[in-house]
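Asker: Below are the sequence and a predicted model for it; my questions follow.
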Amino acid sequence: MKSMKSPLLTVPTDQPSSHCCFCSMQCGLEIIPSEKTSGLVTKPSPNFPVATGRLCQKGLNALDHVFHAGRITEPLRQASSGAERWQATTWEDAYADIAGRIMSLQAEHGADTVGVYGGGSLTNEVCYLLGKFTRVALKSRYIDYNGRYCMSSAAAASNQAFGIDRGMTMPLTEIPNAKYIILAGTNIAECQPTMMPYLLEAKKKGAIIVTIDPRNTMTSKVSDIHVRLQPGFDSVLINGLLHVMVEEKLVDERFIRERTSGFEHLREAVKAYTPARVEELTGVLEAVVRTIARGFAKAETGIVLTARGLEQQSNGVENTLNYINLSLVTGKIGRTGCGYGAVTGQANGQGGREHGQKADQLPGYRLIEDPAARAHVANVWGIDPDELPGKGVSAYELLQKVDQGEIKALIVLGSNPLVSSPNNRMVERALQKLELLVVIDMFETETARYAHYLLPGSSFAEAEGTMTNLEGRVFHRRKAVELPGNCRLDYRIISELAEALGRGAYFQYASIEEVFNELAAATAGGKADYSGITYRRLQEEKGLFWPCPSPDHPGTPHLFADRFHHPDGRAKLFGIQPKMPAEPIDSDYPFILTTGRLANHYLSGVQTRRTEALNKKAPVPVAEVHPWLAKRIGLGMDNKIRITSRRGSLVVEVKVTEGIQPRTVFVPFHWGDEHSINVLTNDALDPTSRMPEFKICAVQVERA
């Protein structure tokens, strides 16, 4: 296997800058030579307005994986014999064999026998091309992406409530103008560290901050009120807050009357959730429920921010809708210092779901089964609308179709589903059944071990393109360093594979900017309209908020100042009847396992586990348990614990802390193999978003 040695690369002299490849803040960074390391290092860039002058520990080490010695730098194919797992091949031979095998499988089993699995950290252009490639080159309906595990519940809820999904309805600069901030299921201090200054500025100006999380986190340390809520009880708690607001007439009646619908349904749904009943069900004191409800409702301005804690549940859409209800019934949206935001996790989690990677969507957030949407996009692509396939299935269901034998070939780009999927023993079994697995990546990931081809793609530092951050701000990311070895840009790999499949006429691009221009045309008139955005504008204006429907449009930092995106212009309120988790605890499995991120790792850890400065801080997962639980199982010094669910068992190191809900066990998810917590997690899906229930899993816990 050919690997890259020391990073003796040439930095472009005109603009040695980029953006961090990790979280959705997408902080600007500069790439500079370092005499100390004989290579390149990063420093914060003062030129990007989102996190000016700041980088977290991941951003400061963002180049380590780019220059890692284990990086794949030439195409590899599965060795036919011998001790070696891989043998080198040429791009031409790889394309020819992959295309031949795909066409043979499709001739025998139909176009839908091939699937594509994308990622939420790819550029907008690559996300767009991947969707186009699946539908035009492969003519398959089966594409989805790892963002299904991240933002799908929030996206579905925003579409239902507002008629449109943009993670945040306002720019980050509005946070310091809020007098009351509710942070639910989000650990911003570890997951989006450079966002914390906005919250600290709000607090400095007198804002009250409430955190809702089963753990005491770095974020909860800055809060005025921390609600340590057991996973699965979010809608019970919010119904209690809404009950107080309604009964004490703290709602904004004029806003409700003029700009919403569905309030009577909501009023009826929350009637039974008195603070006393909420205390009985959740353990959250009645006085705390009343304090939060009154505080948020009476505050002049307020913001609600949610994340995966409440979204990665089989009731995740309803949970999110209920938090949105808080903003709507108090009229705290569409004006300064107010809004709702789902804090996107992945680097391009927002843009990644707008341009065709989702199973049911075309570029611009168009639904693939909408005849007008099909006609518009088909016209841009130069095909007949009837050639476009119908909608596919969600990410986990796509992998289930592999296991069932319906999908026999899979192309994976920018994702590691074997580690990131729930109940991942099923995924491992499915991957072994594939007649063709092509993985495009920088490393031999856990998923790539089962691949027939491993193709060396590009890193963030080598690939020009655009990203869309958590605010909905589209920005341009320049190329900063050259590709190593025989690696190729991801968009070139997609286009060249389309050529090998005989569909190259639809993928003729002289530059990545040409891809973006086509993307912009494809989104014209859609919900996520990029048609007024150009590379030149992005460079000159340091980003633009979509929708931006014309070249003279300034972009839309604030949504819903005058109307929502439903045809009647109103937002929809939903009366939520809280439901049980898909797998509630019982006498056999009496504890709750919940999963989450750490500050120094990202997603399945493919990049950060190869970054020495980050990995040495957390080389293995460590479970957090409450002293009550530790005593119950007789935990002693230096013991490990065994966690067992209905799907598997795992032994992990343990930390005893009072900062966690007593019946809840927390384990981070950044590892594979014997450290993979997703061996245990539940693959039950939200009926609307198809989000797996990562955050609630009934388990047994014992001393190992």
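Answerer: Yep, it's here.

Asker: for the strand or helix carrying D97, packing partners?
Answerer: Assigned by DSSP states H and E, D97 belongs to helix 91-109. With contacts taken as 3 or more CB pairs under 8 Å, 6 or more residues apart in numbering; DSSP states H and E, helix 91-109 sits against strand 114-118, strand 409-413, strand 436-441, strand 453-456, helix 490-500. To be clear about C-beta, it is placed using only N, CA and C from the backbone, and glycine gets the same treatment.

Asker: can you give me the helices in the stretch 601-704 of the chain?
Answerer: Taking DSSP state H, counting those that start in this stretch as the test, the helices found in the stretch 601-704 of the chain are 612-615, 627-632.

Asker: Need the ones you listed in a markdown table (columns: distance to H109, mean pLDDT and mean neighbour count).
Answerer: Below are these laid out as a markdown table (distance: least, CB to CB, whole Å; pLDDT from 0 to 100; neighbours: other CB atoms under 10 Å):
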| stretch | distance to H109 | mean pLDDT | mean neighbour count |
| --- | --- | --- | --- |
| helix 612-615 | 42 | 94 | 17 |
| helix 627-632 | 50 | 97 | 15 |
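
Asker: mind putting the ones you listed in a markdown table, distance to V679 included?
Answerer: Supplementary listing: these in a markdown table, determined by distance: least, CB to CB, whole Å:
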| stretch | distance to V679 |
| --- | --- |
| helix 612-615 | 21 |
| helix 627-632 | 21 |
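
Asker: how about the helix holding D97 as PDB, C-alpha atoms only?
Answerer: Taking Å, rounded to 0.1, in the frame of the first residue of the first chain, the C-alpha atoms of helix 91-109 are listed here in PDB:
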ATOM      1  CA  TRP A  91      -7.600   4.600 -12.400                       C
ATOM      2  CA  GLU A  92      -8.500   3.500 -15.900                       C
ATOM      3  CA  ASP A  93      -8.600  -0.200 -15.000                       C
ATOM      4  CA  ALA A  94     -10.600   0.600 -11.800                       C
ATOM      5  CA  TYR A  95     -13.200   2.600 -13.600                       C
ATOM      6  CA  ALA A  96     -13.500   0.000 -16.400                       C
ATOM      7  CA  ASP A  97     -14.000  -2.900 -14.000                       C
ATOM      8  CA  ILE A  98     -16.300  -1.000 -11.600                       C
ATOM      9  CA  ALA A  99     -18.500   0.200 -14.600                       C
ATOM     10  CA  GLY A 100     -18.500  -3.300 -16.100                       C
ATOM     11  CA  ARG A 101     -19.600  -4.900 -12.900                       C
ATOM     12  CA  ILE A 102     -22.300  -2.300 -12.300                       C
ATOM     13  CA  MET A 103     -23.700  -2.700 -15.800                       C
ATOM     14  CA  SER A 104     -23.700  -6.500 -15.500                       C
ATOM     15  CA  LEU A 105     -25.600  -6.400 -12.200                       C
ATOM     16  CA  GLN A 106     -28.100  -3.900 -13.500                       C
ATOM     17  CA  ALA A 107     -28.700  -5.900 -16.700                       C
ATOM     18  CA  GLU A 108     -29.600  -8.900 -14.500                       C
ATOM     19  CA  HIS A 109     -31.300  -7.200 -11.600                       C
END
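
Asker: ok, residues contacting that helix?
Answerer: Residues outside helix 91-109 that contact it (CB atoms under 8 Å, 6 or more residues apart in numbering): 75, 77, 113-114, 138-139, 408-409, 435-436, 438, 453, 455, 486, 488, 496-497, 499-502.

Asker: Next: stretch 439-448.
Answerer: Residues outside stretch 439-448 that contact it (CB under 8 Å, 6+ apart) are 65-66, 68, 70-72, 86, 411-419, 431, 451, 453-459, 487, 490, 493, 604, 606-607, 610, 672-673.

Asker: any idea how far the closest residue to E518 other than its chain neighbours lies from P456?
Answerer: Computed as CB to CB, 6 or more residues apart in numbering, the closest residue to E518 that is not its neighbour in sequence is V380, at 6.5 Å. Counting by CB to CB, to the nearest Å, the gap from V380 to P456 is 31 Å.

Asker: residue boundaries of the strands in the stretch 51-200 of the chain?
Answerer: With DSSP state E, counting those that start in this stretch, the ranges of strands along the stretch 51-200 of the chain come out as 76-78, 86-88, 114-118, 143-145, 180-184.

Asker: need the contact list for R366.
Answerer: Residues near R366 by CB under 8 Å, 6+ apart: 373, 376-377, 526-527.

Asker: what sits against the residue most central in space within the chain?
Answerer: The centre of the chain sits closest to C150, judged by CA atoms, centre = their mean, with a distance of 3.6 Å. Residues near C150 by CB under 8 Å, 6+ apart: 120, 308, 344-346, 349.

Asker: at 7 Å what do you get?
Answerer: 120, 308, 345-346, 349 (CB atoms under 7 Å, 6 or more residues apart in numbering).

Asker: May I see the buried residues of stretch 528-542?
Answerer: Within stretch 528-542, the residues scored as buried using 16 or more other CB atoms under 10 Å are 528-535, 537-538.

Asker: now swap in stretch 446-454 and tell me
Answerer: 446-454.

Asker: same check, this time on stretch 266-282
Answerer: By 16+ other CB under 10 Å, the buried positions in stretch 266-282 come out as 266-267, 269-270, 273-275, 277-279, 281-282.

Asker: taking these one by one, which sit in helices?
Answerer: Secondary structure from DSSP state H places 266-267, 269-270, 275, 277-279, 281-282 of the buried residues of stretch 266-282 in helices.

Asker: okay if I get those residues as TSV plus distance to V222 and pLDDT?
Answerer: Formatted as TSV, these follow (distance: CB to CB, whole Å; pLDDT from 0 to 100):
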residue	distance to V222	pLDDT
L266	31	98
R267	34	98
A269	32	98
V270	29	98
P275	26	98
R277	30	98
V278	25	98
E279	25	98
L281	28	97
T282	23	97
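
Asker: Return the distance of A62 relative to A347.
Answerer: Distance, A62 to A347, using CB to CB: 11 Å.

Asker: Same check on S45?
Answerer: For S45, the distance to A347 - CB to CB - is 16 Å.

Asker: before we move on, what about P389?
Answerer: Computed as CB to CB, the P389 to A347 distance reads 28 Å.

Asker: Repeat that for W381.
Answerer: Taken as CB to CB, the span from W381 to A347 is 27 Å.
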